[in-house]
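Novice: Kindly return the folded structure for what I paste below:
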Amino acid sequence: MLSIGGEVVDSKTDDYGPPVWRLGFRPFFLAAGIFAVFSMAIWLASYVFSIRWGLLGIPASVWHAHEMLFGYVMAVVAGFLLTAIKNWTGKEVLRGKALALLLILWLSARLLPLSGLSVPLEIVAVVDVAFLFFVSLACLLPVLKVKQYKQIGIISKLFLLMACNVAFYLGLLGILEQGVQWGLYSALYMIIALVLVMLRRVMPMFIKNGVDGEVVLKNRLWIDYSSLVLLLGLWLSDVFTHYDQLTAVLALALTVLHAIRLAGWYTNKVWSKPLVWVLVVAYAFIIFGFALIAASVYLGVSVFLSVHAFTVGGIGLLTMGMMSRVSLGHTGRSVFEPPGSVFWSLLVLTSGAIVRVVLPLFNMDLYVYWIGLSQVMWVLAFALFVYAYAPMLLSARVDGSDG
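Specialist: Alright, predicted model coming up:
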């Protein structure tokens, strides 16, 4: 079972430089939070105010989609896994200069398109794919050393995400005709798969440990297996075929299965604990995303509503919640006593997801305003996160332990 609530494997005090380089969650969570603010501000300026950016010829909407998945999300994933694998395996992970070099790769891929320099797109592609390759390798090697083959399923998704990014750049370069769409949408499904696997591992435990009193949660093995098979089918049908009816049926089946699972985990006690209810709300948005895929086929609603139910509501809330919890535990603080601003950052982000996904269902005439408002709320939510957590991520553990 995953253990990432602040436990440390050892108490070595090797000199890895400033505290920010002592464990992967520190630089990557901080970078993810800052990038979430500035990248969304750039997209807001482009979408709402029609401000043009060079972006090496990449359309602003395509840049936004790519950077949310391969920029923001992958920074969170890197920070999370480079921290979790130390707990899973008891083996050393990237730290110090090696960790700094990995962050430089990630940062270079983010900044080169924004630099205004005439950098060949091929260079950006190599740097960006190299980041994913080295993250995947850094996660894989400790797992292989201790033969924890049960973790291979998670790490394999990192290599698949690298392949998605390769397809994306091949599309931009005109080598693979459908590469941009295949790469982006496949990456979204890979991230959803990764999120669902992690939720299955940690959510029941976090609910049991996080709420007051005893709770009984129901897990169903048949849902665990069937939902993964159906998600694989949905990915193939939605991304690579035009079988809309099949896509809708698979999405509806996933809606029902995950609703049953969430119902088995739900308790009213979660609402007094921000770092617990955020998991419930994030999962609910992912389920809503599956329902909206079916609605796009049967009712003609915009396909972008399902995309943003998955991204803003599901992935956005989950990543903020997990970063908030992990940062507390691994800096020696109590995960049950988050800063007061955490509630407000989660509330603002939840409200932004509702504005982006739910309100357009009632009034599409104001769609541009819903998007603009949700963009502002995303920026505000992550600005609050950075304000609260940057001091923790940049300073040593309060209990004096390593990490």
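
Novice: now stretch 35-47: how far from the chain's centre is it?
Specialist: Its chain's average C-alpha position is 17 Å from that of stretch 35-47, according to C-alpha atoms, centre = their mean, to the nearest Å.

Novice: I misspoke; the intended subject was stretch 123-135.
Specialist: Computed by C-alpha atoms, centre = their mean, the separation of stretch 123-135 from the middle of its chain amounts to 18 Å.

Novice: So which residues make contact with that stretch?
Specialist: Contacts with stretch 123-135, where a contact means C-beta atoms under 8 Å, 6 or more residues apart in numbering, come from 56, 70, 74, 77-78, 81-82, 102, 105-106, 108-109, 112-113, 158, 161-162, 165-166, 169, 172-173. (C-beta placed from N, C-alpha, C; glycine too.)

Novice: Looking at those residues, which are in helices?
Specialist: Judged by DSSP state H, the contacts of stretch 123-135 include 74, 77-78, 81-82, 102, 105-106, 108-109, 158, 161-162, 165-166, 169, 172 as members of helices.

Novice: mind listing what the residue most central in space within the chain touches?
Specialist: With distances taken as C-alpha atoms, centre = their mean, residue 73 lies nearest the centre of the chain, 3.9 Å away. By C-beta under 8 Å, 6+ apart, residue 73 lies in contact with 191, 315, 319.

Novice: gap between it and residue 287?
Specialist: 19 Å (C-beta to C-beta, to the nearest Å).

Novice: How many residues are close by residue 148?
Specialist: Residue 148 has 16 neighbours, counted by other C-beta atoms under 10 Å.

Novice: wait, isn't it in contact with residue 89?
Specialist: Yes - using C-beta atoms under 8 Å, residue 148 makes contact with residue 89 at a distance of 6.0 Å.

Novice: Look up how far residue 286 lies from residue 308.
Specialist: The gap separating residue 308 from residue 286 is 12 Å, by C-beta to C-beta.

Novice: ok, longest helix in the chain?
Specialist: helix 179-210.

Novice: What average pLDDT does that helix get?
Specialist: Mean pLDDT, helix 179-210: 95.

Novice: surely residue 305 meets residue 354?
Specialist: No - Residue 305 is not in contact with residue 354 according to C-beta under 8 Å; the separation is 11.7 Å.

Novice: if you count what's nearby, which of the two comes out ahead?
Specialist: Ranked by neighbour count (other C-beta under 10 Å), residue 305 and residue 354 place residue 305 first, with 22 against 17.

Novice: can you tell me which helix or strand the more buried one belongs to?
Specialist: helix 303-308 (DSSP states H and E).

Novice: who's in contact with the next helix or strand after that helix?
Specialist: Next helix or strand after helix 303-308 toward the C-terminus (DSSP H and E): helix 317-329. Helix 317-329 has contacts (C-beta under 8 Å, 6+ apart) with 4-7, 25, 29, 32-33, 72-73, 76, 79-80, 83, 195, 199, 206, 275, 278-279, 281-283, 285, 334-335, 337-338, 342, 345-346, 349-350, 353, 381-382, 385, 389, 392-393.

Novice: Stretch 190-209 too?
Specialist: Residues outside stretch 190-209 that contact it (C-beta under 8 Å, 6+ apart): 1-2, 4-5, 69, 73, 77, 153-154, 157, 160-161, 164, 215, 217, 219, 224, 227-228, 231, 235, 258, 265, 267, 270, 275-276, 279, 283, 286, 310, 314-315, 318, 325.

Novice: ok, now stretch 221-237?
Specialist: Residues from elsewhere that reach stretch 221-237, judged by C-beta under 8 Å, 6+ apart: 186, 189, 192-193, 196, 200, 243, 246-247, 250-251, 253-254, 257-258, 260-261, 290, 293.

Novice: re earlier: next structured bit after the longest helix of the chain?
Specialist: helix 221-240.

Novice: now that next one and helix 179-210, what's the angle there?
Specialist: Angle between the axes of helix 221-240 and helix 179-210 is 160 degrees (criterion: axes from the mean of the first three to the mean of the last three C-alpha atoms, to 10 degrees).

Novice: Using neighbour counts, pick out the buried residues of helix 221-240.
Specialist: Neighbour-count burial for helix 221-240 flags 223, 227, 230-231, 233-239 (criterion: 16 or more other C-beta atoms under 10 Å).

Novice: go on, stretch 322-336?
Specialist: If you call a residue buried by 16+ other C-beta under 10 Å, then stretch 322-336 has these buried ones: 322-333, 335.

Novice: for it, the distance to its chain's centre please.
Specialist: With C-alpha atoms, centre = their mean, you get 17 Å for stretch 322-336.

Novice: what's the span of it, first residue to last?
Specialist: End-to-end distance of stretch 322-336 (C-alpha to C-alpha, to the nearest Å): 13 Å.

Novice: can you give me the mean pLDDT across it?
Specialist: Throughout stretch 322-336, pLDDT has a mean value of 94.

Novice: Next: stretch 282-293.
Specialist: Rounded mean pLDDT across stretch 282-293 is 98.

Novice: distance between that stretch and the chain's centre?
Specialist: Computed by C-alpha atoms, centre = their mean, the chain-centroid distance of stretch 282-293 equals 15 Å.

Novice: what's in contact with that stretch?
Specialist: 192, 195-196, 199, 203, 234, 238, 247-248, 251-252, 254-255, 258-259, 262, 301, 303, 305-307, 309-310, 312-318, 321, 353, 357.

Novice: ok, now stretch 25-42?
Specialist: 19-21, 53, 64, 67-68, 71-72, 75-76, 78-80, 82-83, 99-100, 103, 106-107, 110, 114, 319, 323, 326-327, 330, 375, 378-379, 382-383, 385-386, 389-390, 393-394.

Novice: Using CSV, write down the CA coordinates of it.
Specialist: Output in CSV follows, covering the C-alpha atoms of stretch 25-42 (Å, rounded to 0.1, in the frame of the first residue of the first chain):
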residue,chain,number,x,y,z
PHE,A,25,8.3,17.0,-4.5
ARG,A,26,10.0,20.3,-3.5
PRO,A,27,11.2,21.8,-6.8
PHE,A,28,8.6,20.2,-9.0
PHE,A,29,5.5,21.1,-6.8
LEU,A,30,6.8,24.7,-6.6
ALA,A,31,7.5,24.8,-10.3
ALA,A,32,4.1,23.3,-11.1
GLY,A,33,2.3,25.9,-8.9
ILE,A,34,4.1,28.8,-10.4
PHE,A,35,3.7,27.5,-14.0
ALA,A,36,0.0,26.9,-13.4
VAL,A,37,-0.4,30.6,-12.6
PHE,A,38,1.7,32.0,-15.5
SER,A,39,0.7,29.6,-18.2
MET,A,40,-3.0,30.2,-17.5
ALA,A,41,-2.4,33.9,-17.4
ILE,A,42,-0.8,33.7,-20.9
